[in-house]
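**Q** Generate coordinates for the sequence data below:
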Amino acid sequence: MTTNRYSTSYRMNRVFRDDRAALIVPIDHGLVWGRVPSLEAPVNVMRRFLSEDITGFMVSTGIVKASEVDLARAPAMSRVLAIDAFWPTSASETGTGAIVTSVEDAVRMGVDCVKLLLPWNVNDVEKVQYCKRIGEVVSEASKWHIPVMVEPVFLNMPRSPEIIEKELEVARIGYDLGADIIKITFPGPDATAKLCDELDIPVVVAGGPLSGDMASTLRDVEDAISAGAQGVVVGRKVWQRPPEEASQVIAEMARITREKYSRRW
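**A** Residues are numbered from 1 along each chain as shown. Have a look, this model is predicted:
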């Protein structure tokens, strides 16, 4: 393992382990999307995956409160807490983002990381407000030694080559605002490698909506980790599949997170 500036950070080393890339299952979609199919009862989804070979969950405040006993019995599982939301995603140019959970509350709940969106197909005033929010969260989080994950995103837009390139630019804004981790929807292996080479913080890749077959999902995960991503955050492409198939996908992803992993920070 290479020496890194997070070597003494308890929470960062719960999110990122020495022997594998992070494999995080997000179940926080309700904050932005409401009642998502197959995630109507998010804690039940969590319980399905607690026995699988994953490293943690992405959660909301309500899920943390409802799953305290379950997670107390699974202390190795990390938790990334979404602390903001944006409405409406269908009209991002007129939508508004807001912090919905404080950093202090996140620490009180015992989570390992906080996560914020950084939407960029919003109006200029909202861009400024997002930069301000993230800057304030980074400042507050540093007092509690809790890492901040920032997710650049163009809401409700098709992922064209132009949008993918713009997301890389917004990832740099998140980095300059002080993010400890960048989460980005998989931009392809070359773009992932480029981003990982440019930034000296961990990059994790999101799976996005359910699409393609199991083989294509696994290929994307392998390409992302081989390109230097330190983890994958895969939800709908897992829990929207039939349970038996979902277990197969997780098992294969877990194998990839060990065999293709190279710690970079």
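**Q** And R159, how far from S9?
**A** 32 Å (C-beta to C-beta, to the nearest Å). The way it works is simple: take the backbone N, C-alpha and C, and place the C-beta from them, glycine included.
**Q** C113 - how many residues pack around it?
**A** By other C-beta atoms under 10 Å, 24 other residues sit near C113.
**Q** More neighbours: which of R159 and S9?
**A** With neighbours defined as other C-beta under 10 Å, R159 and S9 compare such that S9 has more, 17 against 14.
**Q** Hmm, S142 and that one touching each other?
**A** No: counting by C-beta atoms under 8 Å, S142 is not a contact partner of S9; they are 11.3 Å apart.
**Q** residue contacts, Q248?
**A** Applying C-beta atoms under 8 Å, 6 or more residues apart in numbering, we find Q248 in contact with M214.
**Q** May I have the longest helix along the chain as CSV, with CA atoms only?
**A** As assigned by DSSP state H, the longest helix anywhere in the chain is helix 124-144. Taking Å, rounded to 0.1, in the frame of the first residue of the first chain, the C-alpha atoms of helix 124-144 are listed here in CSV:
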residue,chain,number,x,y,z
ASP,A,124,-26.1,30.7,-12.1
VAL,A,125,-27.5,31.7,-8.7
GLU,A,126,-28.0,28.1,-7.8
LYS,A,127,-24.5,27.3,-8.9
VAL,A,128,-23.1,29.9,-6.5
GLN,A,129,-25.4,28.6,-3.7
TYR,A,130,-24.1,25.1,-4.3
CYS,A,131,-20.5,26.1,-4.1
LYS,A,132,-21.3,28.1,-0.9
ARG,A,133,-23.1,25.1,0.6
ILE,A,134,-20.3,22.7,-0.2
GLY,A,135,-17.6,25.1,1.1
GLU,A,136,-19.5,25.5,4.4
VAL,A,137,-19.9,21.7,4.7
VAL,A,138,-16.2,21.1,4.0
SER,A,139,-15.3,23.6,6.7
GLU,A,140,-17.7,22.1,9.3
ALA,A,141,-16.7,18.6,8.4
SER,A,142,-13.0,19.3,9.0
LYS,A,143,-13.8,20.2,12.6
TRP,A,144,-15.3,16.7,13.1
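**Q** For that helix, buried residues please.
**A** Buried positions in helix 124-144, judged by neighbour count with 16 or more other C-beta atoms under 10 Å: 126-127, 130, 133-134, 137-138, 140-141.
**Q** List the strands paired with the following helix or strand past that helix, with their directions.
**A** Remark: after helix 124-144, the chain's next helix or strand is strand 148-153, criterion DSSP states H and E. Taking DSSP bridges as the criterion, strand 148-153 forms sheet pairs with strand 113-119 (parallel), strand 181-185 (parallel).
**Q** Following the chain onward from strand 148-153, which element is next?
**A** Next element after strand 148-153 (DSSP H and E): helix 161-176.
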